[in-house]
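> Any chance you could fold what I've pasted below:
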Amino acid sequence: MPRILTVVLTLLLAGLQYRLWIADGGLAHTHRLRTEAAAQRDDNARLALRNAALDAEIRDLKSGVAAIEARARITLGMVREGETFFLVVNPS
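Below is the predicted model:
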């Protein structure tokens, strides 16, 4: 009888150890989820900064002509009337 009890308790302990270390909800799974959550928080922070910059740009474009003019000069190469355009080429 004590030998059967020892075998049963050993099997029960092995089953509980498996659940603790390997199975879903165990320590390995919890560690993996915490790592993924930290990576997602970092990604969310980066995207929040990008969204704030885009929001500021939108507000600036809605509020005045200066931002629209600067954007046109940078992206489209537009020149104001009366200005002279100079293209500087670096020899490569």
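> Please report how far residue 70 lies from residue 78.
10 Å (C-beta to C-beta, to the nearest Å). C-beta: built from backbone N, CA, C; applies to glycine.
> do the same with residue 92
26 Å.
> okay, these two: which has more neighbours?
Between residue 92 and residue 78, counted using other C-beta atoms under 10 Å, residue 78 has the larger neighbour count: 12 against 3.
> Helix, strand, or coil at the more buried one?
coil (DSSP: H, G, I helix; E, B strand; the rest coil).
> Relative to residue 80, how far out is the residue nearest to it when sequence neighbours are not counted?
Using C-beta to C-beta, 6 or more residues apart in numbering and skipping the chain neighbours, the partner closest in space to residue 78 is residue 72 (4.4 Å). Going from residue 72 to residue 80 by C-beta to C-beta gives 10 Å.
> for residue 54, same thing?
Residue 54 is 27 Å from residue 80, by C-beta to C-beta.
> Please tell me I have it right and the residue nearest to residue 78 contacts residue 79.
No: shown here, residue 72 and residue 79 do not form a contact pair, counting by C-beta atoms under 8 Å, at 9.7 Å.
> Output the contacting helices and strands for the longest helix along the chain.
Of all the elements of type helix in the chain, the one with the most residues (DSSP state H) is helix 27-63. Counting contacts by 3 or more C-beta pairs under 8 Å, 6 or more residues apart in numbering; DSSP states H and E, helix 27-63 is packed against helix 2-21, helix 65-71.
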